[in-house]
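**Q** Sequence first, predicted model second:
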Amino acid sequence: MGVFSNKIDKDQLKPGDHIYSWRHAYLYAHHGIYVGEGKVIHFTRGGGQEIGTGTFLDRIIFSSSPSHSVDNPCPRCGDQSRLSGVICSCLDCFLWGGELYLFEYGVNPAFFIAKARGGTCTLAPSDPQEVVLHRASYLLQNGFGVYDIFKNNCEDFAIYCKTGLLVSTTFSVGRSGQAASFVAMASSIISSPLRFLTTSCSGLAAVGCGMYCINRLVSDIGVRRDVTKVSVERLVAHPGLVSEASTETVKD
């Protein structure tokens, strides 16, 4: 574990760990909660289902479900290739042939910024193992709303299981560091007035990098003020908290 890689071995896993694996040449990662005995609970968008962002991402992120098919089902999980929602898979199906990485909680700001790729760590602390496992198991039985790549994705699910935090503002990305990084990158390129203060390539790069880091940091679930701790029972009892469009605010 460190700045350059969160890669771990399978024998290092503990129940309640938030794990992830990179997909499609490191374009994005799929996240889940390891629950022990070689099983992972994760939130998926099934194969053959459109992501529906209206952007180029629809051509890239086509599925987060396990890779086995009807013709070649997993001996432990069966065919899960077209499932969606919260599912439980074996670790091999979850990894989909990729490497295993551990998401880090409670990191300091300097470490967070040094991890330039979003979706690998957060400043927010994790809740105790038994609470994390309870949330994941409860949502496996009751669901986690409708998948949305920017506001309610697999990383949002895993972070909620670890922290119990939900974003309470309507016009905002969710808890996902990957989504926050995408927004931060776009913002640093097209919306910063500071880019006009320099004309040199090095100056533009420095300004862009600085804006990207600041935008990532202020979007982290451990720093934001627009988050509320919500019990999993309340979340399931009031499904509007994770709405179909993921735009409902958290209400008292």
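**A** Arrived safely.
**Q** So Lys162 versus Cys77, what's the distance?
**A** For Lys162, the distance to Cys77 equals 23 Å [C-beta to C-beta, to the nearest Å]. Just so you know, the C-beta spots here come from the backbone N, C-alpha and C atoms, and that holds for glycine as well.
**Q** Settle it for me: which of the two has more neighbours?
**A** Lys162 (26 against 19; other C-beta atoms under 10 Å).
**Q** What ranges does the protein have for its helices?
**A** Assigned by DSSP state H, the chain shows helices spanning 91-95, 109-114, 129-142, 154-163, 177-190, 201-219, 232-237.
**Q** who does the last one touch, helix- and strand-wise?
**A** Spelled out, that is helix 232-237. Contact here means 3 or more C-beta pairs under 8 Å, 6 or more residues apart in numbering; DSSP states H and E; on that basis helix 232-237 packs against helix 129-142.
**Q** If you count neighbours, what's buried in the helix it packs on?
**A** 131-140 (16 or more other C-beta atoms under 10 Å).
**Q** Mind putting those residues into JSON lines with pLDDT?
**A** Converted to JSON lines, these look like this (pLDDT from 0 to 100):
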{"residue": "Val131", "pLDDT": "98"}
{"residue": "Val132", "pLDDT": "98"}
{"residue": "Leu133", "pLDDT": "98"}
{"residue": "His134", "pLDDT": "98"}
{"residue": "Arg135", "pLDDT": "98"}
{"residue": "Ala136", "pLDDT": "98"}
{"residue": "Ser137", "pLDDT": "98"}
{"residue": "Tyr138", "pLDDT": "98"}
{"residue": "Leu139", "pLDDT": "97"}
{"residue": "Leu140", "pLDDT": "97"}
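**Q** could I get the residues you listed as JSON lines with distance to Ser231?
**A** Converted to JSON lines, those look like this (distance: C-beta to C-beta, whole Å):
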{"residue": "Val131", "distance to Ser231": "10"}
{"residue": "Val132", "distance to Ser231": "13"}
{"residue": "Leu133", "distance to Ser231": "15"}
{"residue": "His134", "distance to Ser231": "10"}
{"residue": "Arg135", "distance to Ser231": "9"}
{"residue": "Ala136", "distance to Ser231": "14"}
{"residue": "Ser137", "distance to Ser231": "14"}
{"residue": "Tyr138", "distance to Ser231": "10"}
{"residue": "Leu139", "distance to Ser231": "12"}
{"residue": "Leu140", "distance to Ser231": "16"}
